[in-house]
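Engineer: I would like to see how this sequence folds:
(chains A and B)
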Amino acid sequence: GDSVTQMEGPVTLSEEAFLTINCTYTATGYPSLFWYVQYPGEGLQLLLKATKADDKGSNKGFEATYRKETTSFHLEKGSVQVSDSAVYFCAPTLCAGNNRKLIWGLGTSLAVNP
Amino acid sequence: NAGVTQTPKFQVLKTGQSMTLQCAQDMNHNSMYWYRQDPGMGLRLIYYSASEGTTDKGEVPNGYNVSRLNKREFSLRLESAAPSQTSVYFCASKGQMTYNEQFFGPGTRLTVL
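Structural biologist: Numbering: from 1, shown residues only, chains lettered A, B, ... in the order given. Below is the predicted model:
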């Protein structure tokens, strides 16, 4: 069945370090790909998205590229800040008939130390 | 434009009590969702509604019921609360296209004693 595998956390980095959070998925169709972020005590919000192969989504210094050949959508940031401490979720959206099914990774907790 | 609103923000129930979590969106979205979030489990879909008048079970529907009252509102009811339903509950809504993102409410933190 359709599924997503996301790098397990927690991830702890020092400020200005490079971040990669891996995400791979299995899908029968061609999903749109999303990364959501959840800051402490809040709901989830969209961080970035890509809707077709080779698209690159970017926002707040984060980037992810839709790799159809490896079915991956890894999240990267060149220099993390303390304010990036949050939980990050990878979520492919698949189309099944009239329903739009969004599959969730388990989330990766990131803590950035000053 | 408030987005997705949820009430209440916090609730404590005793085992066996009932309650309804309310959710409303003002973005004219067709699809609405109820999730629960537990430590180490990520987000799990309880029920969803692809359009007004339709509801479908998600991954963990047991112990819950839903009502899509109109296009704006989607409520979640616990008829007889159990300690296993202690969780944070999120409502979300989404536009029609596959590339539309979900918009989330702020969540309801529920404790069942």
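Engineer: any buried residues in the longest strand seen in chain A, and which?
Structural biologist: In chain A, taking DSSP state E as the definition, the longest strand is strand A:86-96. Using 16 or more other CB atoms under 10 Å in any protein chain shown as the test for burial, strand A:86-96 gives A:Ala86, A:Val87, A:Tyr88, A:Phe89, A:Cys90, A:Ala91, A:Pro92, A:Thr93, A:Leu94, A:Cys95. C-beta coordinates here come from the backbone N, C-alpha and C atoms, glycine included.
Engineer: likewise stretch A:9-20?
Structural biologist: Quick answer for stretch A:9-20 (16+ other CB under 10 Å): A:Val11, A:Leu13, A:Leu19.
Engineer: quick one: the residue most central in space within chain B from A:Ala91, how far?
Structural biologist: When CA atoms, centre = their mean is applied to chain B, the residue found nearest the centroid is B:Trp34 (2.8 Å). For B:Trp34, the distance to A:Ala91 (CB to CB, to the nearest Å) stands at 16 Å.
Engineer: do the same with B:Glu79
Structural biologist: From B:Glu79 to A:Ala91 the distance is 30 Å (CB to CB).
Engineer: could you do A:Tyr25 as well?
Structural biologist: 9 Å.
Engineer: where do the contact lists of the two overlap?
Structural biologist: Common neighbours of A:Tyr25 and A:Ala91, using CB atoms under 8 Å, 6 or more residues apart in numbering or on different chains, are A:Val4, A:Leu33, A:Ile103.
Engineer: of those - the most surrounded one?
Structural biologist: Highest neighbour count within the shared contacts of A:Tyr25 and A:Ala91, by other CB atoms under 10 Å in any protein chain shown: A:Leu33, with 28 neighbours.
Engineer: which residues touch it?
Structural biologist: Counted by CB under 8 Å, 6+ apart, A:Leu33 has contacts A:Tyr25, A:Lys49, A:Ala50, A:Thr51, A:Gly57, A:Ala64, A:Tyr66, A:Phe73, A:Cys90, A:Ala91, A:Pro92, A:Thr93.
Engineer: also near chain B: which of the residues you listed, exactly?
Structural biologist: For chain B, the contacts drawn from the contacts of A:Leu33 by CB under 8 Å from any CB of the partner chain are A:Lys49, A:Thr51, A:Thr93.
Engineer: okay, and the beta partners of the first one?
Structural biologist: Residues found in beta-bridge contact with A:Lys49 (criterion: DSSP bridges) are A:Phe34.
Engineer: where do the strands sit along chain B?
Structural biologist: Under DSSP E, chain B gives strands at B:4-7, B:10-13, B:19-25, B:31-38, B:42-49, B:56-57, B:64-68, B:74-78, B:87-94, B:102-104, B:108-112.
Engineer: after the helix or strand of chain A with the lowest mean pLDDT, which helix or strand is next? Please name it.
Structural biologist: When each helix and strand of chain A is scored by mean pLDDT, DSSP states H and E, strand A:99-102 comes last, with a mean of 62. Following strand A:99-102 in sequence order, the next helix or strand is strand A:108-113 (DSSP states H and E).
Engineer: quick one, that next one and strand A:86-96 angle?
Structural biologist: Computed by axes from the mean of the first three to the mean of the last three CA atoms, to 10 degrees, the angle separating strand A:108-113 from strand A:86-96 equals 160 degrees.
Engineer: what about strand A:108-113, near chain B?
Structural biologist: No - residues of strand A:108-113 are not located near chain B by CB under 8 Å from any CB, the shortest gap being 10.1 Å.
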